[in-house]
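J.: heads up, no residue letters with this:
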Ligand code: AMP
Ligand code: MG
């Protein structure tokens, strides 16, 4: 770790909170506070991502040393690290929530790797900051396992995401009331080191705007464009044009990200504007979940069970809403709001194009023609009504014989035998139309199957799989985490011997805490 090279541009170039230490407070006229991680009793490395370590240029031999766990548990700063917590606000569940900030995340600094890429290192669960409000700044093992595994799984699925370097057990307990029902219990604590070019969120821009601090907002916007959108900054645009082009790109990246979520069946669960990355990365893995039986109305987040604001099928609409809040925050910097409106329009166009691309690729078609969106919508209705597993259905759809289409290769995907029986005529009808459509498509069988198998994953981080790994880890056995990390490295490959990780959700997991129901308390 001593070879990490730091270039801490964010704290070097932007205004700091003048008070040091974690006293809880409203922080004005500053974009961050200097604060150091609170040391933990007994940091022990549970898992790490070899790919992320390599990206950062960390020597593999150093990873299994006590020093590594000390550094990434927050006990031992290395030269060049200048820890801080960022100041941001956000709209939570549709309402402005004021100042939030990094209440338990502490950035260590920005490293520059051998390829010249900037990677910020951030510890989650590293102890109190000025933004911790009435909470403890810590994270439990279960939520840390989930963040660690899902970050890496998403990356290997080809979904834009923050990454995770390490998962360190703290040797300390954390008390949580998991379902806010008056039953707090002590759980093992952990710290994840997450890694991204930047952890800036929509909320970093919204807070100075809400406070009317336009000079601060302007500094942050110009800095972000310069540091994180270098290609745009070098493009010769200036003023409103440059800022408009930047907002357009944020809209585009956000649209592409959500389209990927819809392709792989990921539900973020808490799409508050403080959980939306300005780089269009999936960020803040909390009560997220994966679609088992196809249901656009499903949300894993118990806090959202009533409103279902963040349900699977609403994610694009919510992303647009969040972008409109960002646009509102940026508007005072623009002489004319035209470029902001154009950016939002661009979201709709980009998302629409991505949805058509997804539809074609998921069905194995060379292109999305008139009628294909309807074909997909009809299939989705059938999948929903008949309680069919999204991942298994699309994966095995590649195996049907277009000359004699039948449900036989797809039987694993059904959760309910009676519903399957009832829906069989409708599925047969759909399959016949699908086979007829394939007949008019230029792709050869092999090409179609390759396209489908590189679009429709075989392995995703099913909620119950993560929960099983967590329960083993809580008993002291990290083996399940390592197995999942490994299998999820190649989600599009059939991995003989790994079938157990590709099965549909077992019945016992249907309504179980941690498997289908999660809360923000983590
Ligand atoms: P989230 O819903 O996880 O995105 O968190 C919303 C806000 O609550 C953020 O400002 C977090 O930093 C803060 N927060 C969540 N959990 C904790 C915790 N255990 N200690 C301090 N702050 C927290
Ligand atoms: Mg958050």
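T.: That came in fine, so what should we check first? Everything numeric in this text was worked out from a predicted model, so none of it was measured. Ligands and ions are numbered 1, 2, ... in the order given.
J.: hang on, isn't residue 107 packed against residue 83?
T.: Yes: with contact defined as C-beta atoms under 8 Å, residue 107 reaches residue 83; the gap is 6.5 Å. C-beta: built from backbone N, CA, C; applies to glycine.
J.: who has more neighbours, those two?
T.: residue 107 (25 against 22; other C-beta atoms under 10 Å).
J.: residues in this structure within reach of ligand 1, list them.
T.: For the chain, the residues in contact with ligand 1 (C-beta under 6 Å from any ligand atom) are 100-104, 131-132, 135-138, 270, 274-275, 284, 286, 520.
J.: Just the strands from this protein, written as ranges.
T.: 32-34, 44-48, 84-86, 89-92, 95-99, 105-112, 118-124, 139-140, 163-176, 185-196, 266-267, 289-290 (DSSP state E).
J.: For those strands, give me a markdown table that also has mean pLDDT.
T.: A markdown table is the format used below for the strands of the chain (pLDDT from 0 to 100):
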| stretch | mean pLDDT |
| --- | --- |
| strand 32-34 | 98 |
| strand 44-48 | 98 |
| strand 84-86 | 98 |
| strand 89-92 | 98 |
| strand 95-99 | 98 |
| strand 105-112 | 98 |
| strand 118-124 | 98 |
| strand 139-140 | 97 |
| strand 163-176 | 97 |
| strand 185-196 | 97 |
| strand 266-267 | 98 |
| strand 289-290 | 97 |
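J.: would you turn these into JSON lines with distance to residue 325?
T.: JSON lines is the format used below for these (distance: least, C-beta to C-beta, whole Å):
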{"stretch": "strand 32-34", "distance to residue 325": "22"}
{"stretch": "strand 44-48", "distance to residue 325": "36"}
{"stretch": "strand 84-86", "distance to residue 325": "18"}
{"stretch": "strand 89-92", "distance to residue 325": "5"}
{"stretch": "strand 95-99", "distance to residue 325": "9"}
{"stretch": "strand 105-112", "distance to residue 325": "22"}
{"stretch": "strand 118-124", "distance to residue 325": "24"}
{"stretch": "strand 139-140", "distance to residue 325": "27"}
{"stretch": "strand 163-176", "distance to residue 325": "27"}
{"stretch": "strand 185-196", "distance to residue 325": "22"}
{"stretch": "strand 266-267", "distance to residue 325": "21"}
{"stretch": "strand 289-290", "distance to residue 325": "24"}
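J.: tell me the contacts of the residue of the chain found nearest ligand 1?
T.: Closest approach between the chain and ligand 1, counting by C-beta to the nearest ligand atom: residue 103, at 2.3 Å. By C-beta atoms under 8 Å, 6 or more residues apart in numbering, the residues touching residue 103 are 85, 128-129, 131-133, 135, 137.
J.: And those, which of them are buried?
T.: Buried members of the contacts of residue 103, counted by 16 or more other C-beta atoms under 10 Å: 85, 128-129, 131-132, 137.
J.: What residue in the stretch 151-300 of the chain comes nearest to ligand 2?
T.: residue 284 (4.0 Å; C-beta to the ion).
J.: got a pLDDT number for that residue?
T.: For residue 284, the model assigns a pLDDT of 98.
J.: Near it, how many residues? Count them for me, please.
T.: With other C-beta under 10 Å as criterion, residue 284 counts 21.
J.: before we move on, the earlier item: against residue 10, how distant is the residue of the chain closest to ligand 1?
T.: According to C-beta to C-beta, to the nearest Å, residue 103 stands 18 Å off from residue 10.
J.: Sketch out the low-pLDDT regions of this protein for me.
T.: 521 (pLDDT under 70).
J.: make it 80
T.: 1-2, 179, 516, 520-521 (pLDDT under 80).
J.: What residue spans form the domains of it?
T.: 9-200, 203-360, 365-453 (automatic domain parsing).
J.: hey, where'd the helices end up in the stretch 401-522 of the chain?
T.: 417-439, 445-453, 463-474, 479-487 (DSSP state H, counting those that start in this stretch).
J.: now, of these, which is deepest in the fold?
T.: Ranked by mean neighbour count, these are led by helix 463-474 with a mean of 21 (mean count of other C-beta atoms under 10 Å).
J.: Kindly calculate the angle that that one makes with helix 479-487.
T.: Orientation of helix 463-474 against helix 479-487 (axes from the mean of the first three to the mean of the last three C-alpha atoms, to 10 degrees) gives an angle of 130 degrees.
J.: Next, the angle strand 44-48 makes with helix 463-474.
T.: Using the same axes, to 10 degrees: helix 463-474 against strand 44-48 is 150 degrees.
J.: who touches helix 463-474?
T.: Contacts of helix 463-474 (C-beta under 8 Å, 6+ apart): 46, 141-142, 145-146, 149-150, 187-188, 289-290, 292, 300, 478-481, 483-484, 501, 505-506, 509, 512, 514-516, 518.
J.: Need the contact partners of stretch 406-416.
T.: Contacts for stretch 406-416 (C-beta under 8 Å, 6+ apart): 292-293, 386-389, 392-393, 396-397, 399-400, 420, 424, 427-428, 431, 503-505.
J.: Next one: residue 309 from ligand 2, what distance?
T.: 16 Å (C-beta to the ion, to the nearest Å).
J.: Do I have it right that that residue meets residue 318?
T.: Yes: with contact defined as C-beta under 8 Å, residue 309 counts as touching residue 318 (6.7 Å).
J.: which residues do those two both contact?
T.: With C-beta under 8 Å, 6+ apart as the test, residue 309 and residue 318 both reach residue 271.
J.: Would you mind measuring from residue 178 to residue 312?
T.: 23 Å.
J.: Can you get me the centre-to-centre distance for stretch 322-330 and its chain?
T.: Remark: stretch 322-330 is offset 20 Å from the chain centroid, using C-alpha atoms, centre = their mean, to the nearest Å.
J.: Enumerate every residue touching residue 202.
T.: Contacts of residue 202 (C-beta under 8 Å, 6+ apart): 90, 273-274, 276, 278, 322-323, 325-326, 329.
J.: Cool, thanks, talk later.
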